[in-house]
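[1] need a 3D model of the following:
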Amino acid sequence: AGTLPNPLSLPFGETSQVRAGARDIFGFVFSVDGPFEFAVVAGGGAIDQSGTFVAGQTAAYFSDTIEVTWGGYVGYSDVEVLPGAPHEIIISPSQASVLTTQDTSFEAAVFDESGNQLPNVDIQWFVEAETGASMDLLTGLLTAGCTTGTFVGAVTATYGSVSSVATLNIDPGGAVPEYV
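    Model prediction:
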């Protein structure tokens with residue numbers, strides 16, 4: 001006994017009808033009349049006795065979590081709960097101080113509405129022109145210019161339709177004047 005597909009992959013909170021069946025020792029699927037009994041034994045969501053699975057709120061891979069019983073046979077299937085749509089970006093640091101002409105780095109993480117971090121996202125960075133700074137739009141590396149001050153919300157991280165801002169303090173002292 002087991003389920004198709006295996007693994008079952010779906011975003012948190014989504015539902016899927018689990019199809020139960022059996023394979024012989026050679027791996028061939030054959031028709032089996034129920035009834036089947038379903039249970040979730042290792043997390044990842046919930047399943048009712050009709051086989052409707054509801055993914056839980058934690059994005060992760062759950063091995064051997066759906067248990068299907070038919071007669072004296074028991075089978076297990078894996079579940080992969082995927083993060084949901086982007087909901088929030090957290091920039092670190094949320095406020096950075098840097099000396100003129102020096103570098104500082106920003107990092108950002110994207111989360112869904114349940115707080116699951118989305119993996120492998122490409123953040124787009126932007127810095128306001130008034131700062132006099134330049135920024136690598138893909139890596140978050142910022143190089144301060146010679147304009148000093150506190151620039152609230154001057155650094156922006158964007159992923160899809162979600163964005164967040166950070167404050168940039170540029171202090172004097174990085175550039176060393178050269179006297180001839």
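[2] I figured Thr158 hits Asp122, correct?
    No. Using CB atoms under 8 Å, Thr158 makes no contact with Asp122, being 10.1 Å away. For every residue, glycine as well, the C-beta is placed using N, CA and C.
[3] neighbour count for those two, which is higher?
    More crowded of Thr158 and Asp122, by other CB atoms under 10 Å: Thr158, with 18 against 7.
[4] check contacts around that one.
    Residues near Thr158 by CB atoms under 8 Å, 6 or more residues apart in numbering: Ile89, Ile123, Gln124, Trp125, Phe126.
[5] and the closest residue to Met135 other than its chain neighbours, how many neighbours does it have?
    Counting by CB to CB, 6 or more residues apart in numbering, the nearest residue to Met135 once its immediate chain neighbours are dropped is Val127, at 4.2 Å. If you count neighbours by other CB under 10 Å, Val127 ends up with 24.
[6] need the pLDDT of Val127.
    Here, the pLDDT recorded for Val127 equals 97.
[7] quick check: it vs Glu107, distance?
    Per CB to CB, to the nearest Å, Val127 is found 15 Å from Glu107.
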